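>>> I would like the atomic coordinates for the input below:
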Amino acid sequence: MIESANKYTISNIFDIERDVKYIIPKYQRHYAWRKQHWEDLFNDLIENDIGHFLGSIICVSRSTDSLSTTELEIIDGQQRLTTISLLYAVIYELLDEIKDPNDELRNELINLKYRLIQKSDKNQTKLFLSSEGHNFHDFRCILADLEIFDFEEEIGNVGNRRLSKAYNFLYNKIKTELVFDDEDVTIKNVLELLKKVNGTLLVKIEVNSISDAYTLFESLNNRGVPLTAIDLIKNKLLSELEKKDIIKINEAFLKWKKIISNIEDYIIQERFLRHYYNAFKYNQNINVDGFSRATRSNLIKIYEILIERDPQYVLNELREKSDIYKKFVDEEQKFPSEYSLEFIDLLRVGAAPSYQFLMYLFTRVQNNKEIKLKTLSFLIKYFVRRNLTDFPNTRDLDKIFIELIKKCETEREITFELLLKYLTHPDRFSTLEQFKKSLRGDIYEENVGITRFLLARIENKHNQTRERFIDVWKRDEKNKFIWTIEHIYPQGDNISKHWVEMIANGNREKAEEYQEKYVHKIGNLTLTGYNPNLSDLPFKEKKERKNKDKKPIGFNNELYLNEDIINKDKWTINDIQERTDKLVSQIIEISKIENE
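Next comes the predicted model:
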């Protein structure tokens, strides 16, 4: 079944001298990674040392002649290989912008070129993407624009599609974080990033057939959960308590079980342990010299020291603080409180980095309801703006909230005015203009979760004044949202004749151009009852669609969001623009913060 399984660096995978083609099969989905994936990969590279493990790829060898180019069909790993190729291209462009490059830079540029194209045949790339979603066309256009590859096809709407967005994101990310006025510093930083990319590790698994590949893929994804940091810390804690004969092991285990029952997901359990240390390290009983904050890589070491110091104190503290933390992460609010609605919204907007501060806050101001409610309300708005504008940087969020705790400790008081002033500082909060720009952008592409949250917020605000309340967050028995985001002008590749006629007077090329430019704007988005077949229907049918029980699931569904849609006979680009203006104004109104 497995022909080989070996560890390689990325520089080995994209070897300069080796003729190898990584082919994405036509039947695979198109490149699907979004901003969060690009950012996660970039942060992984920046934050870790050379030799960081990136995971595995599974491929089927298609080569029949040992002297010919090695052809590997990628079954699992398309997203990573594509993004790494784009990152190589971005680094190439940045180094190519350096005036009067020295020999080292010239060599790196040559090497980067041949990590992306075949050295023996400069008309062939190393990575062959699927044509689905114009992926391969767009990839070659990007390389042609860098003048390292000849490609004469028309560029078309490349700039509005996923690969170009990924490329531009990575380019701007590096420009923002690694490029400075001092050219020597810039070169040093970019070359350091390149070394990290080259030195990152992958396990490449080659199998004999597609059938073997999918069997292996399935088994790798369905295997039992390995021993985690939480397991190791638990074992250390119980072992120390038993060894020191502090409390009976059964009593200790029951306390530990309560922690686990409070926070059931092991990924969140690990995050809780990190957040606990970061929130309370000002306490001398918790602080460990040399560790300014807990991370995934140092978590076990920190807790080993804490446990050896005083295992009973650690157990009691974790038990107590898990009662607070469970309220932040309880999606179903099985432990309801007077702040349950705010906790749910914090989950929906992805506010997890703030939980370390909230755990500190709820410990320190237990009886001050006003500051708690004000803080929760503000943090919901803060993370809507942060997660849409992508500012401040994801990597900085932990540090921001740890520093806020430190500031509260230094000031020896906790007031809402203090945290508002701190968090809305220009270094930690995007401007209103940046927020408006993001709202007017391809909001669905940028952040689906925030898009849904904002549409639901608008609907719920107007629902409150109606006799019939519609819960747009309701889920079915399979835990799927009953109300889902619907693109009014469809987003699919094959635009129907009806839509081509309506949106672009029969001009298919223009309809595709409009789709690329406007389809993900908030003015083209709404909420409807879940129906996977709704999107491709003509506009009139999408308005009047009903399910088998004769209940409306199209636009005529009594939602406020659809009132300016159902009275229209057709849907045009002008309608999208006008509705975008309207919804953006409403979002700005409900997202206002004090003193802005």
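
>>> Please make it C-alpha for all contacts and neighbour counts, starting now.
Fine.

>>> Tell me which residues of stretch 126-134 come out buried.
126-134 (16 or more other CA atoms under 10 Å).

>>> The nearest residue to Asp581 once chain neighbours are set aside - how many residues pack around it?
Distance criterion CA to CA, 6 or more residues apart in numbering; nearest residue to Asp581, sequence neighbours excluded, is Gly523 at 7.5 Å. Other residues near Gly523 come to 24 when the count uses other CA atoms under 10 Å.

>>> same deal with Ile91?
Ile91 has 22 neighbouring residues, counting by other CA under 10 Å.

>>> correct me, but it touches Ile187?
No. Using CA atoms under 8 Å as the test, Ile91 is too far from Ile187 to be in contact (10.4 Å).

>>> domain parsing for this protein?
Annotated domains of the chain cover 2-222, 229-425, 436-590 [automatic domain parsing].

>>> Can you convert the ones you listed into CSV and add a column each for mean pLDDT and distance to Glu596?
Formatted as CSV, those follow (pLDDT from 0 to 100; distance: least, CA to CA, whole Å):
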stretch, mean pLDDT, distance to Glu596
domain 2-222, 84, 26
domain 229-425, 92, 10
domain 436-590, 89, 11
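
>>> which residues touch the residue nearest to Asp581?
Gly523 makes contact with 575-581, 583, according to CA atoms under 8 Å, 6 or more residues apart in numbering.

>>> Now do the SS call for the spatially most distant residue from the centre of the chain.
The centre of the chain is farthest from one residue, Asp245, which by CA atoms, centre = their mean lies 45.5 Å away. Following DSSP: H, G, I helix; E, B strand; the rest coil, we place Asp245 in the coil state.

>>> what do you get for Val203?
Val203 ends up strand, using three-state DSSP.

>>> which residues sit against the helix ranked longest in the chain?
Longest helix in the chain by number of residues, with DSSP state H as the criterion: helix 369-389. Around helix 369-389, the neighbours that count as contacts under CA under 8 Å, 6+ apart are 339, 342-343, 345-346, 349-351, 354, 361-362, 392, 415-416, 429-430, 434-435, 438-439, 443, 446-447, 450, 591-593.

>>> 6 Å - rerun?
By CA atoms under 6 Å, 6 or more residues apart in numbering, the residues outside helix 369-389 that reach it are 346, 349, 351, 416, 438, 591.

>>> quick one: which of those is nearest Ala144?
Nearest to Ala144 among the contacts of helix 369-389: Ser438, at 29.4 Å, using CA to CA.

>>> which residue packs closest to that closest one, ignoring adjacent ones?
Using CA to CA, 6+ apart and skipping residues adjacent in sequence, the residue nearest Ser438 is Thr389, 5.9 Å away.

>>> Kindly provide the distance from the one you found to Tyr422.
Going from Thr389 to Tyr422 by CA to CA, to the nearest Å gives 19 Å.

>>> okay, those two: which has more neighbours?
Each of Thr389 and Tyr422 has its neighbours counted (other CA under 10 Å); Thr389 has more, 22 against 18.

>>> picking up where we left off before, okay, angle between the helix or strand just after the longest helix of the chain and helix 369-389 too, please.
Going down the chain from helix 369-389, the next helix or strand is helix 394-411, by DSSP states H and E. Orientation check (axes from the mean of the first three to the mean of the last three CA atoms, to 10 degrees): helix 394-411 against helix 369-389 gives 160 degrees.

>>> tell me the strands in the stretch 151-300 of the chain, going along the chain?
Taking DSSP state E, counting those that start in this stretch, the strands of the stretch 151-300 of the chain run over residues 201-207.

>>> about what we covered before: could you pick out which of the contacts of Gly523 are located in helices?
Counting by DSSP H, the contacts of Gly523 place 575-581, 583 in helices.

>>> And those residues, which of them are buried?
Using 16+ other CA under 10 Å as the threshold, 575-577, 579-580, 583 are the buried ones among those.

>>> State the distance from the residue nearest to Ser438 to Asp145.
Between Thr389 and Asp145 the distance is 28 Å, computed by CA to CA.

>>> Repeat that for Glu594.
Applying CA to CA, the value for Glu594 to Asp145 is 46 Å.

>>> Same question for Asn287.
Using CA to CA, Asn287 is found at 52 Å from Asp145.

>>> More neighbours: which of these two?
A count of neighbours by other CA under 10 Å puts Asn287 above the other of Asn287 and Asp145, at 18 against 13.

>>> Can you report phi and psi for the nearest residue to that one once chain neighbours are set aside?
Excluding its sequence neighbours, the residue lying closest to Asn287 (CA to CA, 6+ apart) is Lys281, at 4.4 Å. Dihedral pair for Lys281: phi -70, psi -10, per degrees, to the nearest 10.

>>> What of Ile485?
phi -70, psi 130.

>>> Quick check: it touching Asn524?
No. Judged on CA atoms under 6 Å, Ile485 makes no contact with Asn524 at a distance of 10.1 Å.

>>> which one of the two has more residues nearby?
Using other CA under 10 Å as the criterion, Ile485 and Asn524 rank with Asn524 on top: 22 against 18.

>>> In contact with that one, which residues?
Counted by CA under 6 Å, 6+ apart, Asn524 has contacts 487-488, 576.

>>> For Glu563, see how far away the residue nearest to Asp581 is.
Applying CA to CA to Gly523 and Glu563 gives a distance of 13 Å.

>>> if we can go back for a sec, most neighbours among the contacts of helix 369-389, please name it.
Within those, most neighbours by other CA under 10 Å means Val349, with 25 neighbours.

>>> quick one: that one from Lys582, how far?
Separation of Val349 from Lys582 (CA to CA) stands at 22 Å.

>>> again with Leu129
Distance of Leu129 to Lys582, computed by CA to CA: 39 Å.

>>> List of residues touching stretch 275-282?
287, 293, 356, 360.

>>> quick one: buried residues of it?
Those would be 275-281, for stretch 275-282 by 16+ other CA under 10 Å.

>>> Next, the buried residues of the longest helix of the chain.
371-372, 375-389.

>>> Contact partners for Glu242?
Glu242 is in contact with Ile249, counting by CA under 6 Å, 6+ apart.
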